[in-house]
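Chemist: Everything below, folded, please.
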Amino acid sequence: MKIIDLKLIEYKRFLQIQNYLHSRAIKNSSNYLIFASHYPIFTKGLTEKGYPFALQVDRGGSITYFDEGSFMIYFIFKVNNPPLFFKKVIKILKNFFSPYSQIKYDYKKAGFYIENRKICSLGFSYKKGYSKHGVSIHLNNDLKKFNSVTPCNLKGIIATSLYNENILIDKNNIKIRLTNLIKEEFNETENQSTTK
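Modeler: Presented below is the predicted three-dimensional model:
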């Protein structure tokens, strides 16, 4: 598993890098794990026809919002069985949230929630046997902007963040914990770590 930390990057530039690495993964049979955050942007999945101001991308799900307070985890992984792959990602996130006993989270459609407040978003696509896109953990998002739309177009749902729920987590700690959880679940070893 090759780990790339893009730090804060413009989303359209990320898409170019993702497509390049996806092609590399297919050619070299490699898995890439990417960490990033983005300048403010609304994106929507392929099946969403509304929200003309949002950038349409080739992932599942409806509309969501990213900004500097979003912690992004992108998986370019070989996937033979998409439902099993998704199940593993859900398990990783459950294990990630489990130490924070003060929040009662639950996985529902397209993310993790604290009651009706969305704390984490998921959206993937699969092409030529490899995944694209991934997970956004809401660390300290601009909730006013985020809640100017209905997250994932789900009625009665609003966005929240770990900061808004009084949980403060260092980004470096998140990277270490998630890397370990992902390696464990996918039986991977880290063979390269780079920062762009």
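Chemist: quick one: which helix or strand includes the residue lying closest to L46 once chain neighbours are set aside?
Modeler: Distances taken as C-beta to C-beta, 6 or more residues apart in numbering place D58 nearest to L46, at 5.8 Å, with adjacent residues excluded. Quick note: C-beta positions are derived from backbone N, CA and C, even for glycine. Assigned by DSSP states H and E, D58 falls within no helix or strand.
Chemist: isn't D58 right up against K44?
Modeler: No. Contact between D58 and K44 fails when scored by C-beta atoms under 8 Å: they sit 10.9 Å apart.
Chemist: Comparing those two, which shows the higher neighbour count?
Modeler: K44 (24 against 15; other C-beta atoms under 10 Å).
Chemist: quick one: contacts for that one?
Modeler: G50, Y51, A54, L55, Q56, V57, G61, S62, I63, T64 (C-beta atoms under 8 Å, 6 or more residues apart in numbering).
Chemist: switch the cut-off to 10 Å
Modeler: 50-57, 59, 61-64, 123, 149, 152-153 (C-beta atoms under 10 Å, 6 or more residues apart in numbering).
Chemist: Buried ones among those?
Modeler: For these, a neighbour count by 16 or more other C-beta atoms under 10 Å gives the buried set as Y51, A54, V57, R59, G61, S62, I63, T64, G123, V149, C152, N153.
Chemist: Now compare those residues and name the two farthest from each other.
Modeler: R59 and V149 (16.3 Å; C-beta to C-beta).
Chemist: Just want the phi and psi numbers for the spatially most central residue of the chain.
Modeler: Against the mean C-alpha coordinate of the chain, by C-alpha atoms, centre = their mean, the closest residue is V135 at 1.3 Å. The phi/psi pair for V135 (degrees, to the nearest 10) reads phi -130, psi 140.
Chemist: so it bridges to which residues?
Modeler: I73, L122 (DSSP bridges).
Chemist: Noted, bye for now.
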